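generate coordinates for the sequence data below:
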Amino acid sequence: MKRTLVILTLNEIEGVRVLVPRLSRDAADEIIAVDGGSVDGTREFLAANGIRICDQQRRGRGEAFRVAVREGAGDIFVFFSPDGNEDPLDIPKLFAALEAGADMAIASRFLPEARNEEDDQTWPLRKWANQGFTRIANLLWNRGRPVITDTINGFRGIRRSVFEAIQPVSMGYTIEYELTIQAMRRGLRIVEIPTVEHSRCGGETKAPSWRTGWVFLRFLIGQLTSGGR
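A predicted model of the protein is given here:
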């Protein structure tokens, strides 16, 4: 079973400088980067470290996932964003879950052993929104199966066959929510591992909370009114 690690980048030079040297080259059979047009030195740094860059012609995180599966050679994929939030030490754990039979593996920020970046905040609005969308998905599409605690987190792995069967259409940040919902609908095996979400290494988030929340709400309404697609 061939393992592909996908690094998703768009102007993340601060993060790649810190995190790429920490990646275990033994964790995957190949490492590729899907880059949305970085101009801050990200591409040059990745190339200097021997990482193949796949160009993303259309913007959007969902499109980056599709480029990765199209360009990568793996049977299983793990997606990693080098912004500092995601712990490279969890990458082998996600691959291991897939190799053990999971159809999808999610690094959860909400399991008992996990930590969310907003846990110390008085008003963790992003955390509450994520948990709200997750509860709705479990209630509507995951009854009778183990509860999934983090349907939205992008730090995850998936089998190529599952991704190709789902054929996700999301262009942006709803890609992970769509993949989780469709896996729930199909009764696929989703495994979660606890993760600790760290602070960003630098740069600014590409997903402002309020705007992203409205996008997710529209997506969820679409799922309810369109029969799932």
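
can we go C-alpha only for contacts and neighbour counts from here?
Will do.

backbone dihedrals for the residue nearest the centre of the chain, please?
When C-alpha atoms, centre = their mean is applied to the chain, the residue found nearest the centroid is Gly154 (1.9 Å). Main-chain dihedrals, Gly154, degrees, to the nearest 10: phi -80, psi -10.

OK, contacts around it?
Phe79, Phe80, Ser81, Ile106, Glu176 (C-alpha atoms under 8 Å, 6 or more residues apart in numbering).

for the helix or strand bottoming out on mean pLDDT in the chain, packing partners?
Comparing every helix and strand of the chain by mean pLDDT, DSSP states H and E singles out helix 209-225 as the least confident one, with a mean of 79. Helix 209-225 sits against no helix or strand, with contacts defined as 3 or more C-alpha pairs under 8 Å, 6 or more residues apart in numbering; DSSP states H and E.

go ahead and confirm Arg115 touches Asp87.
No. Arg115 is not in contact with Asp87 according to C-alpha atoms under 8 Å; the separation is 11.5 Å.

which one's more surrounded, the two?
Asp87 (20 against 17; other C-alpha atoms under 10 Å).

tell me the phi and psi of that one?
Torsion angles, degrees, to the nearest 10, at Asp87: phi -90, psi 120.

so it makes contact with His198?
Yes. Using C-alpha under 8 Å, Asp87 makes contact with His198 at a distance of 7.5 Å.

low-confidence stretches in the chain?
Low-confidence segments of the chain, defined by pLDDT under 70: 202-210, 227-229.

where do the helices sit along it?
13-19, 42-48, 61-71, 91-99, 125-141, 160-166, 175-185, 209-225 (DSSP state H).

give the buried residues for the first one.
So that's helix 13-19. Ile13, Glu14, Gly15, Val16, Arg17, Leu19 (16 or more other C-alpha atoms under 10 Å).

tell me what it is packed against?
Against helix 13-19 (3+ C-alpha pairs under 8 Å, 6+ apart) you get helix 42-48.

ok, Leu98 - contacts?
Contacts of Leu98 (C-alpha under 8 Å, 6+ apart): Ile76, Met104, Ala105, Gly157, Ile158, Arg159.

could you dump these to CSV with distance to Leu94 and neighbour count?
CSV is the format used below for the contacts of Leu98 (distance: C-alpha to C-alpha, whole Å; neighbours: other C-alpha atoms under 10 Å):
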residue, distance to Leu94, neighbour count
Ile76, 10, 26
Met104, 9, 27
Ala105, 6, 26
Gly157, 6, 29
Ile158, 9, 24
Arg159, 11, 23
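
which two among those are spaced furthest apart?
Across the contacts of Leu98, no pair lies farther apart than Ile76 and Ala105, at 10.3 Å, counting by C-alpha to C-alpha.
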